[in-house]
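# what's the 3D shape of this:
(2 chains)
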Number of protein chains: 2
Amino acid sequence: MSTYLTILGFNSAIPTINSSPTAQLLEMEERMFLIDCGEGTQVQLRKAKARFSKLNHIFISHLHGDHCFGLPGLIASFRLLGRTTPLHVYGPKGIKKMLETIFTITETHRGFEIVYHELDKKVSEKIYEDKRLEVFTIPLDHRIYCNGYLFKEKPKERHLNMAAISEYPEIEICDYQNLRNGKDFVCEDGTTIPNAELTTDPKPSVSYAFCSDTRYKEDIIPLIKNVDVLYHESTFLHELKEMADYTGHTTAQEAATIAKKAEVGKLIMGHFSNRYDDLTVMTNEARQTFPNSYLPKALECIKL
Amino acid sequence: MSTYLTILGFNSAIPTINSSPTAQLLEMEERMFLIDCGEGTQVQLRKAKARFSKLNHIFISHLHGDHCFGLPGLIASFRLLGRTTPLHVYGPKGIKKMLETIFTITETHRGFEIVYHELDKKVSEKIYEDKRLEVFTIPLDHRIYCNGYLFKEKPKERHLNMAAISEYPEIEICDYQNLRNGKDFVCEDGTTIPNAELTTDPKPSVSYAFCSDTRYKEDIIPLIKNVDVLYHESTFLHELKEMADYTGHTTAQEAATIAKKAEVGKLIMGHFSNRYDDLTVMTNEARQTFPNSYLPKALECIKL
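Here you go, the predicted structure:
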């Protein structure tokens, strides 16, 4: 299964006619994760032809409006569409009070449970795990409590090399799982057949780190080391470094520095200030430090 | 000055790619009024090229999400755009608690005052007045407390007929206001010059009634009698009358009946259920009862 990231919105603060506030849809190991949910995200999800019914986990980085004001409408639509499956919402402490106050006053009745996972720790923690993948928080440094999220596929099982296996009649079906797990095969006479002879490498496990909004923060580098793809906010050009620090944001050059030091595969940029009409200035600056810096297009679906 | 109504959104419940939930912009006597504010309204206002800085009064009919989930984002954008002018928000009791809870948790600081006008009366009341116009509530019958709004220009001053006035040297500039107000002129010798000889009729005063969401409710007819334009929700065709009653909505035929009985100039329909792909079925049904029933287009600006 491939992993896909759809950029539902990547501009900062004020929605415009052509660009939406932060929201991303990550499809990994057949799970569908929504990351942030600015106003209008439900319409962006429709444009991306996402199946609402497959969306069971929403991760909110922080409670500024451009990252969460789309949540009440999306959840209200879930109800109107007849949802019954529980919905897991991960986000800063306060998210439950905000949503439940809205739903009470607007009499938004639900036919499904919302399971809130409220976060308040300042160190990274594992907040989701199933048999195929894990999600960890990446504590960030913004004006308000904020986490990035690291999505990591677990190591995959090795592929059986059936041609090689058939050479050894002693190997039975009940031994296959051990082979998939990487174990050597020990024959009755005590000889060992190395696993590498009987299996081939699995597809590499994919990892994706989402980091928005934050000041330049080197602490995150060990957490996101070697991820395949890093999304890192880059609100300003470096000439506005002071403004970036003051408002709790990162410059394009700084985002690229994080990408370079963390040796990630690819940097996706975003959360651009509305002052920039031509966004290629952002990648031009970043590529001087980290050549594989990428400017996403609205609703682009990126294969990880 | 002409009066314009821009239909920012007119579909019900779930926003889709091509249609937005309820929101309208009324420009009357140089004032700008926003009526309802579903999710995405701020982007619709941008598409309509509305000047955010001129918008000082927002009227919310009821606190269902498709009529108010665009408010937090719009107000947050006002702040980011540097607004300092007070904003008046009219809506059901509870609107203040909802918005203030959201703004506190999301740390949406404001550089301007929000003046809340919370409504809970079940009879019509005047809620706004200035020298040129008045706004009244229209109590509706929905699943939740809900008001429509009636916007009425006050009678305008008569126009001076300067050619006629110049025939009477006794009439001085200080008499003009009395003439504009419709008074006859009494000469020193006691003879009366009728006002109609000295002035011409003013432009007629325009009135607009907004009614959404509601069951069929004949009580509103005296309130909206003879308005120039009535917007009345018409969620379903009449074959789904039972569904309309159950969900607190009106059928196209019923909306037309209200328009006919109230002898309004024009009926604008809206709040259509998503089940109808071809919306001309709504006007086809309504026109059998009230021929001047109108299906608005998205972002259409209608001169009243």
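
# beta partners for A:Ile138?
A:Gly148 (DSSP bridges).

# and the residue in the stretch 201-304 of chain A that chain B sits nearest to, what does it touch?
The stretch 201-304 of chain A approaches chain B most closely through A:Asn274 (8.9 Å), counting by CB to the nearest CB. For every residue, glycine as well, the C-beta is placed using N, CA and C. When contacts are counted by CB atoms under 8 Å, 6 or more residues apart in numbering or on different chains, A:Asn274 is found next to A:11-14, A:16.

# what helix or strand is A:Met8 on?
Careful, residue A:8 is Leu; it's not Met. For A:Leu8, the host element (DSSP states H and E) is strand A:4-9.

# near chain B, anything from the helix or strand just after that strand?
Sequence-wise, the next helix or strand downstream of strand A:4-9 (DSSP H and E) is strand A:23-28. No. Judged by CB under 8 Å from any CB of the partner chain, strand A:23-28 stays clear of chain B, getting no closer than 13.0 Å.

# Please export the C-alpha coordinates of strand A:23-28 as CSV.
Taking Å, rounded to 0.1, in the frame of the first residue of the first chain, the C-alpha atoms of strand A:23-28 are listed here in CSV:
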residue,chain,number,x,y,z
ALA,A,23,-5.5,21.0,6.7
GLN,A,24,-3.9,17.8,5.4
LEU,A,25,-5.2,14.3,4.7
LEU,A,26,-2.7,11.5,5.3
GLU,A,27,-3.6,8.0,3.9
MET,A,28,-1.2,5.5,5.4
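
# Against which helices or strands is that strand packed?
strand A:4-9, strand A:31-35, helix A:41-47, strand A:147-153, strand A:207-211 (3 or more CB pairs under 8 Å, 6 or more residues apart in numbering or on different chains; DSSP states H and E).

# Off-centre distance for the strand holding A:Leu8?
Offset of strand A:4-9 from its chain centre (CA atoms, centre = their mean, to the nearest Å): 10 Å.

# Pick the most deeply packed of the helices and strands packed on strand A:23-28.
Sort the helices and strands packed on strand A:23-28 by mean neighbour count, taking mean count of other CB atoms under 10 Å in any protein chain shown, and strand A:207-211 sits at the top with a mean of 26.

# what angle sits between that one and strand A:4-9?
Using axes from the mean of the first three to the mean of the last three CA atoms, to 10 degrees, the inter-axis angle of strand A:207-211 relative to strand A:4-9 is 10 degrees.

# Quick check, pLDDT for A:Asn18.
With respect to pLDDT, A:Asn18 has a value of 76.

# so it makes contact with A:Ala298?
Yes. Judged on CB atoms under 8 Å, A:Asn18 makes contact with A:Ala298 at a distance of 7.1 Å.

# For A:Thr106, which non-adjacent residue is closest in space?
B:Leu63 (4.8 Å; CB to CB, 6 or more residues apart in numbering or on different chains).

# Can I take it that A:Tyr176 is in a helix?
Yes. Counting by DSSP: H, G, I helix; E, B strand; the rest coil, A:Tyr176 is found in a helix.

# what's the distance between it and chain B?
Between A:Tyr176 and chain B the computed distance is 47 Å (CB to the nearest CB, to the nearest Å).

# quick one: contacts for that residue?
A:Leu160.

# A:Gly73 now?
A:39, A:42, B:15, B:39, B:65-66, B:69.

# name the element it belongs to?
Using DSSP H and E, A:Gly73 falls within helix A:71-80.

# Show me what secondary structure element comes after that helix.
Following helix A:71-80 in sequence, per DSSP H and E, is strand A:87-92.

# Show me what counts as buried in that next one.
Within strand A:87-92, the residues that count as buried by 16 or more other CB atoms under 10 Å in any protein chain shown are A:87-92.

# and what of stretch A:95-109?
A:95-96, A:98-99, A:101-103, A:105-106, A:108.

# same check, this time on stretch A:222-237
A:223-224, A:227-237.

# again with stretch A:158-172
Of the residues in stretch A:158-172, A:158, A:160-161, A:165, A:171 count as buried by neighbour count, 16+ other CB under 10 Å.

# Then stretch A:124-133?
A:124, A:127-128, A:133.

# Quick check: the farthest pair among the residues you listed?
With distances taken as CB to CB, the most widely separated pair in the buried residues of stretch A:124-133 is A:Ser124 and A:Leu133, at 16.0 Å.
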